[in-house]
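K.L.:
structure for the following, please:
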Amino acid sequence: MSGHSKWSQIKHKKANTDAKRGKVFTKIVKEISIAARIGGGDPGGNPRLRTAIESAKEVNMPHDNIKKAIMKGTGELPGVTYEESVYEGYGPAGVAIIMEILTDNKNRTLPEIRFILSKNSGNLGETGCVSWMFEKKGYILIDKTAASEDTVMSVALDAGAEDMRNEPEEESFEVITFPEDLPVVKEALEKASVPIASAEVTMLPKNYVVLDEKAAEQMLRLMDALEEHDDIQNVYANFDIPDDVAERLGK
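P.N.:
Residues are numbered from 1 along each chain as shown. The predicted model follows:
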């Protein structure tokens, strides 16, 4: 189980359930609002806002919700002011974790996240303690049953992708881009009728920590708990779970 690929697949499936109870909606509304506040309400000139709107459409968020979130960000409607921050720490077996935060109250959020980590065999670290282990990249997942390797590779690389990975044991092709090239590569694949399972700007680990069954179970529990927290927008970690362990855990 490639840590990033497999967790991205788990998250993608999980998002459908979360969307039904509004969890994903809440996080995307926050992201749209702060993207509009920082870069303006025109998605044509604001790549971050454009990406957030695409995420909203993927989970079928109503257009009115998107419009109101933009207007709250630009100040046309009253809304909560969110503050961005990044927390770093460690999980079971020394797994490196980065958490991107959007909160209206850091004094509430920080102790809550520290508690989640400590409850699940982790701990909060100092700023910069693990960020050097990751690279910011555009990341696209494509189900292997949806397109051929030659098609994905040809279209993606021609559009400016940095790399295309095809791990034999994985269910998806992974397309890696520079963050600013993600929209262009994604659009090229869509024009070539290549269905995309998910596309995001993410933090890719430079190396992975291989987990045994006990640590893997703890790590997945911790990831779920962090993802569930309303103020955590994204969680990145450099864990790797062998296939036989993943099968025993039912993931």
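K.L.:
drop to CA atoms for contacts and neighbour counts, all remaining ones
P.N.:
OK.
K.L.:
tell me the domain ranges of the protein?
P.N.:
3-74, 83-132+207-241, 133-205 (automatic domain parsing).
K.L.:
and these as JSON lines, adding distance to residue 249 and mean neighbour count?
P.N.:
Compiled in JSON lines, those are given as follows (distance: least, C-alpha to C-alpha, whole Å; neighbours: other C-alpha atoms under 10 Å):
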{"stretch": "domain 3-74", "distance to residue 249": "13", "mean neighbour count": "18"}
{"stretch": "domain 83-132+207-241", "distance to residue 249": "7", "mean neighbour count": "18"}
{"stretch": "domain 133-205", "distance to residue 249": "17", "mean neighbour count": "18"}
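K.L.:
want to throw the ones you listed into JSON lines with mean pLDDT and distance to residue 250?
P.N.:
Below are the domains of the chain laid out as JSON lines (pLDDT from 0 to 100; distance: least, C-alpha to C-alpha, whole Å):
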{"stretch": "domain 3-74", "mean pLDDT": "81", "distance to residue 250": "11"}
{"stretch": "domain 83-132+207-241", "mean pLDDT": "94", "distance to residue 250": "10"}
{"stretch": "domain 133-205", "mean pLDDT": "92", "distance to residue 250": "16"}
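K.L.:
so residue 173: helix, strand or coil?
P.N.:
strand (DSSP: H, G, I helix; E, B strand; the rest coil).
K.L.:
beta-bridge partners for it, please?
P.N.:
In this entry, residue 173 is beta-bridged to residue 142, by DSSP bridges.
K.L.:
residue 247 is nearest to which of the domains of the chain?
P.N.:
domain 83-132+207-241 (9.8 Å; C-alpha to C-alpha).
K.L.:
could I get the full set of helices for this protein?
P.N.:
Per DSSP state H, the chain has helices spanning 3-20, 23-39, 47-58, 63-74, 106-119, 149-158, 182-191, 213-228, 243-249. These are given in chain order.
K.L.:
by contact count, what packs against the second one?
P.N.:
Using 3 or more C-alpha pairs under 8 Å, 6 or more residues apart in numbering; DSSP states H and E as the contact criterion, the neighbours of helix 23-39 among helices and strands are helix 3-20, helix 47-58, helix 63-74.
K.L.:
format the helices of the chain as TSV; extra columns: distance to residue 234.
P.N.:
Output for these, formatted as TSV (distance: least, C-alpha to C-alpha, whole Å):
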stretch	distance to residue 234
helix 3-20	11
helix 23-39	9
helix 47-58	13
helix 63-74	19
helix 106-119	13
helix 149-158	25
helix 182-191	18
helix 213-228	7
helix 243-249	22
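K.L.:
which of the ones you listed sits closest to residue 199?
P.N.:
Among the helices of the chain, helix 182-191 sits nearest to residue 199 (C-alpha to C-alpha), with 7.4 Å.
K.L.:
quick one: the closest one to chain centroid distance?
P.N.:
18 Å (C-alpha atoms, centre = their mean, to the nearest Å).
K.L.:
contacts for stretch 114-124?
P.N.:
Under the criterion C-alpha atoms under 8 Å, 6 or more residues apart in numbering, residues 87, 88, 89, 90, 91, 92, 218, 219, 221, 222, 225, 226 lie in contact with stretch 114-124.
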